[in-house]
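**Student:** structure, please.
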Amino acid sequence: MKLHELRDNEGATKKRMRVGRGPGSGKGKTGGRGIKGQKSRSGVAINGYEGGQMPLYQRLPKRGFNKPNQKKFAVVNLGLIQKFVDAGKLDAKSAITEDVLVASGLVRRKLDGIRVLAKGEVSAKLNLEVTGASKSAVEAVEKAGGSLKVTTASAAE
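**Tutor:** Okay, here's the model as predicted:
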(Lines give C-alpha, C1' and ligand atoms only; values in the text may rest on other atoms or scores of the structure.)
Protein backbone atom coordinates (compact mmCIF):
# COMPACT_ATOMS: atom_id res chain seq x y z
CA MET A 1 0.00 0.00 0.00
CA LYS A 2 1.25 3.45 -0.86
CA LEU A 3 0.36 6.82 0.67
CA HIS A 4 -1.72 7.90 -2.32
CA GLU A 5 -3.79 4.71 -1.99
CA LEU A 6 -5.02 5.53 1.54
CA ARG A 7 -8.79 5.95 1.71
CA ASP A 8 -11.31 6.22 4.53
CA ASN A 9 -13.80 3.39 4.94
CA GLU A 10 -16.87 3.45 2.69
CA GLY A 11 -19.58 5.57 4.35
CA ALA A 12 -17.26 6.89 7.07
CA THR A 13 -17.27 10.42 5.71
CA LYS A 14 -20.20 12.42 4.47
CA LYS A 15 -20.03 15.57 2.39
CA ARG A 16 -21.27 18.77 4.02
CA MET A 17 -24.60 20.16 2.78
CA ARG A 18 -23.84 23.41 0.95
CA VAL A 19 -26.77 25.68 1.68
CA GLY A 20 -28.06 28.41 -0.63
CA ARG A 21 -26.42 27.14 -3.83
CA GLY A 22 -29.29 27.11 -6.32
CA PRO A 23 -32.67 25.39 -6.67
CA GLY A 24 -31.21 22.09 -7.87
CA SER A 25 -29.52 21.43 -4.52
CA GLY A 26 -32.80 21.22 -2.59
CA LYS A 27 -31.46 23.80 -0.13
CA GLY A 28 -31.34 26.85 -2.41
CA LYS A 29 -32.81 30.36 -2.13
CA THR A 30 -33.86 30.51 1.56
CA GLY A 31 -31.34 27.85 2.61
CA GLY A 32 -33.77 25.73 4.62
CA ARG A 33 -34.87 28.65 6.78
CA GLY A 34 -38.38 29.11 5.39
CA ILE A 35 -39.77 32.54 4.57
CA LYS A 36 -39.44 35.73 6.64
CA GLY A 37 -39.72 35.88 10.41
CA GLN A 38 -37.22 36.14 13.20
CA LYS A 39 -35.68 32.71 12.68
CA SER A 40 -34.98 33.34 9.00
CA ARG A 41 -32.72 36.27 9.82
CA SER A 42 -29.08 35.99 10.79
CA GLY A 43 -27.82 36.56 14.33
CA VAL A 44 -30.85 35.12 16.12
CA ALA A 45 -30.56 32.87 19.15
CA ILE A 46 -33.76 32.36 21.05
CA ASN A 47 -33.00 29.54 23.45
CA GLY A 48 -35.75 28.79 25.91
CA TYR A 49 -38.21 31.07 24.09
CA GLU A 50 -41.60 29.45 23.61
CA GLY A 51 -43.44 31.94 21.44
CA GLY A 52 -44.76 34.04 24.30
CA GLN A 53 -45.90 31.02 26.35
CA MET A 54 -44.31 30.96 29.81
CA PRO A 55 -41.01 29.08 29.26
CA LEU A 56 -40.46 25.73 30.96
CA TYR A 57 -37.59 27.00 33.12
CA GLN A 58 -39.95 29.63 34.57
CA ARG A 59 -42.91 27.26 35.00
CA LEU A 60 -41.01 24.83 37.19
CA PRO A 61 -40.77 25.55 40.92
CA LYS A 62 -37.48 26.68 42.37
CA ARG A 63 -36.03 24.28 44.94
CA GLY A 64 -33.08 24.20 47.25
CA PHE A 65 -30.87 26.65 49.03
CA ASN A 66 -27.15 27.36 49.01
CA LYS A 67 -25.83 28.52 52.35
CA PRO A 68 -23.86 31.73 51.71
CA ASN A 69 -21.48 31.21 54.65
CA GLN A 70 -21.01 27.44 54.52
CA LYS A 71 -17.62 26.03 55.45
CA LYS A 72 -15.47 24.33 52.81
CA PHE A 73 -13.20 21.62 54.12
CA ALA A 74 -10.17 20.06 52.49
CA VAL A 75 -10.91 16.32 52.44
CA VAL A 76 -8.30 13.66 53.19
CA ASN A 77 -8.81 9.89 53.15
CA LEU A 78 -7.14 7.63 55.71
CA GLY A 79 -5.71 5.46 52.94
CA LEU A 80 -3.78 8.45 51.56
CA ILE A 81 -2.40 9.34 54.98
CA GLN A 82 -1.19 5.72 55.36
CA LYS A 83 0.40 5.88 51.90
CA PHE A 84 2.31 9.05 52.86
CA VAL A 85 3.45 7.45 56.15
CA ASP A 86 4.70 4.37 54.24
CA ALA A 87 6.53 6.63 51.77
CA GLY A 88 8.21 8.46 54.67
CA LYS A 89 6.62 11.82 53.85
CA LEU A 90 4.74 11.83 57.18
CA ASP A 91 6.13 10.85 60.57
CA ALA A 92 3.64 8.56 62.32
CA LYS A 93 5.39 8.87 65.70
CA SER A 94 4.86 12.63 66.06
CA ALA A 95 1.50 14.40 66.10
CA ILE A 96 0.07 14.99 62.62
CA THR A 97 -1.56 18.41 62.56
CA GLU A 98 -3.15 20.27 59.67
CA ASP A 99 0.04 22.27 59.07
CA VAL A 100 2.06 19.03 58.86
CA LEU A 101 -0.40 17.66 56.25
CA VAL A 102 -0.02 20.81 54.15
CA ALA A 103 3.78 20.77 54.49
CA SER A 104 3.95 17.12 53.38
CA GLY A 105 2.01 17.97 50.22
CA LEU A 106 -0.93 15.71 51.04
CA VAL A 107 -3.27 18.73 51.18
CA ARG A 108 -2.75 21.81 49.02
CA ARG A 109 -4.46 24.30 51.32
CA LYS A 110 -6.42 24.14 54.56
CA LEU A 111 -9.50 26.14 53.44
CA ASP A 112 -11.79 26.21 56.53
CA GLY A 113 -10.08 23.13 57.95
CA ILE A 114 -9.20 19.56 57.08
CA ARG A 115 -11.72 16.74 57.36
CA VAL A 116 -10.62 13.11 57.54
CA LEU A 117 -12.75 10.41 55.91
CA ALA A 118 -12.42 6.65 56.38
CA LYS A 119 -11.72 5.52 52.80
CA GLY A 120 -8.81 3.12 52.65
CA GLU A 121 -6.94 1.02 55.21
CA VAL A 122 -4.84 2.38 58.06
CA SER A 123 -2.27 0.26 59.91
CA ALA A 124 0.08 2.80 61.51
CA LYS A 125 -0.50 4.27 64.98
CA LEU A 126 -1.50 7.78 63.97
CA ASN A 127 -1.90 10.76 66.25
CA LEU A 128 -4.07 13.11 64.19
CA GLU A 129 -5.34 16.59 65.06
CA VAL A 130 -7.81 17.93 62.48
CA THR A 131 -10.88 20.17 62.22
CA GLY A 132 -13.29 17.38 61.31
CA ALA A 133 -13.57 13.64 60.95
CA SER A 134 -16.25 11.10 60.14
CA LYS A 135 -17.24 8.64 62.89
CA SER A 136 -15.95 5.71 60.86
CA ALA A 137 -12.59 7.47 60.43
CA VAL A 138 -12.27 7.97 64.20
CA GLU A 139 -13.11 4.29 64.77
CA ALA A 140 -10.61 3.12 62.14
CA VAL A 141 -7.75 5.17 63.64
CA GLU A 142 -8.52 4.02 67.19
CA LYS A 143 -8.77 0.40 66.01
CA ALA A 144 -5.24 0.73 64.60
CA GLY A 145 -4.09 1.93 68.02
CA GLY A 146 -3.88 5.65 67.26
CA SER A 147 -5.89 8.70 68.26
CA LEU A 148 -7.87 11.22 66.23
CA LYS A 149 -8.53 14.52 67.98
CA VAL A 150 -11.12 16.86 66.46
CA THR A 151 -10.14 20.42 67.34
CA THR A 152 -13.52 22.16 66.84
CA ALA A 153 -16.61 20.35 68.10
CA SER A 154 -18.96 21.98 65.56
CA ALA A 155 -17.22 20.43 62.55
CA ALA A 156 -17.47 16.83 63.76
CA GLU A 157 -20.63 14.94 63.02
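**Student:** what about S40, how many residues close to it?
**Tutor:** Using other Cβ atoms under 10 Å, S40 is surrounded by 13 other residues. To be clear about C-beta, it is placed using only N, CA and C from the backbone, and glycine gets the same treatment.
**Student:** isn't it right next to K29, touching?
**Tutor:** No: in this structure, S40 sits apart from K29 without contact. The criterion is Cβ atoms under 8 Å, and the distance is 11.2 Å.
**Student:** shared neighbours, those two?
**Tutor:** Shared contacts of S40 and K29, defined by Cβ atoms under 8 Å, 6 or more residues apart in numbering, are not found at any residue.
**Student:** what residues are up against the nearest residue to V141 once chain neighbours are set aside?
**Tutor:** Among residues not flanking V141 along the chain, L148 sits closest, at 4.3 Å (Cβ to Cβ, 6 or more residues apart in numbering). Residues near L148 by Cβ under 8 Å, 6+ apart: 116, 126, 128, 130, 133, 137-138, 141-142.
**Student:** thought G145 was touching V122?
**Tutor:** No: with contacts counted by Cβ under 8 Å, G145 stays clear of V122, the gap being 9.9 Å.
**Student:** and those two? which has more neighbours close in?
**Tutor:** With neighbours defined as other Cβ under 10 Å, G145 and V122 compare such that V122 has more, 25 against 11.
**Student:** got a pLDDT number for the more buried one?
**Tutor:** What the model reports for V122 is a pLDDT of 83.
**Student:** next up, phi/psi of the residue lying closest to it once chain neighbours are set aside, please.
**Tutor:** Excluding the flanking residues, the one nearest V122 by Cβ to Cβ, 6+ apart is L78, at 4.5 Å. In terms of degrees, to the nearest 10, the main-chain angles of L78 are phi -60, psi -40.
**Student:** look up how far L90 lies from L78.
**Tutor:** Taking Cβ to Cβ, to the nearest Å as the criterion, L78 is separated from L90 by 12 Å.
**Student:** what's the answer for D112, then?
**Tutor:** Going from D112 to L90 by Cβ to Cβ gives 22 Å.
**Student:** before we move on, what about V122?
**Tutor:** Using Cβ to Cβ, one obtains 12 Å as the distance from V122 to L90.
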